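Engineer: Give me the fold of what follows.
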Amino acid sequence: MSQPPYQNQSGPGNFPPGGPGNNYPPGGPGNNYPQGGYNAPMDRGMITTGLEFGGYKIVRYLGVVRGLTVRSRSVLGNIGAGFQSLVGGKITIYVELCEHAREEAFNLMMQHASQVGANAIVGMRYDANEVADGITEVLAYGTAVVVQPDKR
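Structural biologist: Okay, the predicted model is just below:
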């Protein structure tokens, strides 16, 4: 069941109790929330393209998080790729560029999720668009959530 964003005294926001800058979760030892906090490193295993995690329940939705990078290949890289395309097969120069761009966008998305206090991301997706000739943006996005082990 989803929860509305946390309402603090200054108006609506996506902050858990305690607000930004305070360690999440509130309440100290013995609470039922997973370890973490604002800017705590996120476990890559807690990111899924699915909408839920087996063995965990979502206790708070924190909103959409994203990571964006814009990349281009150098003139020399384009020439090298041109030669590879003449021979046919896998164009390793472009594969490497795409892998680096996706990894950078993914890492930026994880940083954004940590900044809002999430310990997991559901519904993760990638998107890519050409913004100019030879220049591509890569976007990684998903919904930042707080999960805890499901005791059922």
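
Engineer: what helix or strand does C98 sit in?
Structural biologist: In this structure, C98 sits in helix 92-115 according to DSSP states H and E.

Engineer: Give me the mean pLDDT for that helix.
Structural biologist: For helix 92-115, mean pLDDT rounds to 90.

Engineer: tell me which strands and helices that helix is in contact with?
Structural biologist: strand 56-72, helix 75-87, strand 120-132, strand 135-149 (3 or more C-beta pairs under 8 Å, 6 or more residues apart in numbering; DSSP states H and E). Heads up, the C-betas are built off the backbone N, CA and C, glycines and all.

Engineer: tell me the most buried of those?
Structural biologist: strand 135-149 (a mean of 20; mean count of other C-beta atoms under 10 Å).

Engineer: any weak-confidence spans in the protein?
Structural biologist: The model of the chain has pLDDT under 70 over residues 1-38, 73-91.

Engineer: rerun at 90
Structural biologist: For the chain, applying pLDDT under 90 flags the ranges 1-43, 53-54, 71-98, 130-136, 151-152.

Engineer: Got phi/psi on E52?
Structural biologist: Phi and psi for E52, reported as degrees, to the nearest 10, are phi -160, psi 170.

Engineer: wait, what's in contact with the closest residue to M109 other than its chain neighbours?
Structural biologist: Of all residues not flanking M109 in the chain, G67 sits nearest, at 3.5 Å (C-beta to C-beta, 6 or more residues apart in numbering). When contacts are counted by C-beta atoms under 8 Å, 6 or more residues apart in numbering, G67 touches 104-112, 139-141.

Engineer: Tell me how far the closest residue to A120 other than its chain neighbours lies from G134.
Structural biologist: Nearest residue to A120, sequence neighbours excluded (C-beta to C-beta, 6+ apart): M46, at 4.0 Å. Remark: distance between M46 and G134 (C-beta to C-beta, to the nearest Å) = 35 Å.

Engineer: More neighbours: which of those two?
Structural biologist: More crowded of M46 and G134, by other C-beta atoms under 10 Å: M46, with 19 against 13.
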